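**Q** Sequence isn't available, so here's the structure alone:
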């Protein structure tokens, strides 16, 4: 049995979970999210937790069992507390600023990069070299952070680029001077 799937998912205070057909909808103080659950996986919503069960030990059902348990857990945490990722800009002249809901990035190119965040995602710049991405959908927050990071991936020689907060960039030695 899936180690993640067999654990019941706790429902936090202030969060309402409803099931209609094959969809599970989670509503909380920050918003509402819903997910389609494959009919192979059965769910039972209790007063303080949700349990997921499967009909057999087929490989597909085993993988879906843990998947839907963790998706619903992330939805409950998202509508209650939200998720955030912080990016850091490393490099001389690298700057970020938000104006009118748009993110403007100066990354050493001949032009600034303008990024418009999708609906449900909030992008802030607490400092010139930091970007804070927040929202209720964990997958979408991570996807937006990865998209912004892809504009200038950190290079291995000086570490210049956009990196996640706390990310370690493995450095390479430069050219050895010829004697």
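**A** Nice, thanks for sending it over. It should be emphasised that the depicted structure is a prediction, and the values quoted were computed from it without experimental measurement.
**Q** residue ranges for the helices of this structure, please.
**A** 59-80, 138-149 (DSSP state H).
**Q** Domain boundaries for the protein, per the record?
**A** 9-80, 83-164 (automatic domain parsing).
**Q** So which residue is dead centre in the protein?
**A** residue 142 (2.9 Å; CA atoms, centre = their mean).
**Q** wait, what's in contact with it?
**A** By CB atoms under 8 Å, 6 or more residues apart in numbering, residue 142 lies in contact with residue 85. All C-beta atoms are positioned from the backbone trio N, CA, C, and that covers glycine.
**Q** how about a cut-off of 6 Å?
**A** Residues near residue 142 by CB atoms under 6 Å, 6 or more residues apart in numbering: none.
**Q** what about residue 26, neighbour count?
**A** When counting by other CB atoms under 10 Å, one arrives at 27 neighbours for residue 26.
**Q** wait, it sits on residue 75?
**A** Yes: using CB atoms under 6 Å, residue 26 is in contact with residue 75, at 4.4 Å.
**Q** Throw the domains of the chain into JSON lines and include mean pLDDT and distance to residue 174, thanks.
**A** Formatted as JSON lines, the domains of the chain follow (pLDDT from 0 to 100; distance: least, CB to CB, whole Å):
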{"stretch": "domain 9-80", "mean pLDDT": "92", "distance to residue 174": "42"}
{"stretch": "domain 83-164", "mean pLDDT": "94", "distance to residue 174": "6"}
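**Q** quick one on the thing from earlier: any residues in contact with both of residue 26 and residue 75?
**A** residue 33.
**Q** on that earlier part again, and the domains of the chain: which comes nearest residue 175?
**A** domain 83-164 (9.6 Å; CB to CB).
**Q** End to end on that closest one, go ahead and measure it.
**A** 14 Å (CA to CA, to the nearest Å).
**Q** Neighbours of the residue nearest to residue 10 when sequence neighbours are not counted, how many?
**A** The shortest distance from residue 10 to any non-neighbouring residue, by CB to CB, 6 or more residues apart in numbering, is to residue 49 (5.2 Å). When neighbours are defined as other CB under 10 Å, residue 49 has 13 of them.
**Q** Against residue 29, how distant is residue 49?
**A** Taking CB to CB, to the nearest Å as the measure, residue 49 falls 19 Å from residue 29.
**Q** that older thread, including distance to residue 171, could the domains of the chain go into JSON lines?
**A** What follows is the domains of the chain, written out as JSON lines (distance: least, CB to CB, whole Å):
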{"stretch": "domain 9-80", "distance to residue 171": "34"}
{"stretch": "domain 83-164", "distance to residue 171": "6"}
